[in-house]
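S.K.: 3D model of this:
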Amino acid sequence: MQRAKIDIQKVLPNEGQIEGLPRNPRLIKDEKFRKLCRSIQSLPEMTESRDILVYPYQDNYVVIGGNMRLQAYKAHRKRILNTS
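M.R.: Residues are numbered from 1 along each chain as shown. Okay, here's the model as predicted:
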């Protein structure tokens, strides 16, 4: 697996765009989302040790692991993601 830093605008949630890969079935509710956001803020080093897994798709990337973290990063206006 290759690590890269990617502009968050190029990273899409998994909505079933890739044939053979079902859309992400998980939803995150208010309190769990706030807890995830707090965790990301209080432990920023975790963003370095736990990449979002992406798959190239057209001119972008689709998340195959880390859809909830992607939402939290976008909420905190993070611009660059560590990906694998």
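S.K.: which helices and strands does the lowest-mean-pLDDT helix or strand in the chain pack with?
M.R.: Lowest on mean pLDDT, DSSP states H and E among the helices and strands of the chain sits helix 45-49, with a mean of 74. Other elements packing on helix 45-49 under the criterion 3 or more Cβ pairs under 8 Å, 6 or more residues apart in numbering; DSSP states H and E are helix 30-42. All C-beta spots, glycine's among them, are computed from the backbone N, C-alpha and C.
S.K.: tell me which residues of the helix it packs on are tucked away?
M.R.: L36, C37, I40 (16 or more other Cβ atoms under 10 Å).
S.K.: sorry, back to before: now the element after the least confident helix or strand of the chain, going C-ward?
M.R.: strand 53-57 (DSSP states H and E).
S.K.: can I get the CA coordinates of that next one in CSV?
M.R.: C-alpha atoms of strand 53-57 as CSV (Å, rounded to 0.1, in the frame of the first residue of the first chain):
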residue,chain,number,x,y,z
LEU,A,53,-8.1,4.0,2.6
VAL,A,54,-9.0,5.2,-0.9
TYR,A,55,-9.3,3.8,-4.4
PRO,A,56,-8.7,5.9,-7.5
TYR,A,57,-11.9,6.7,-9.3
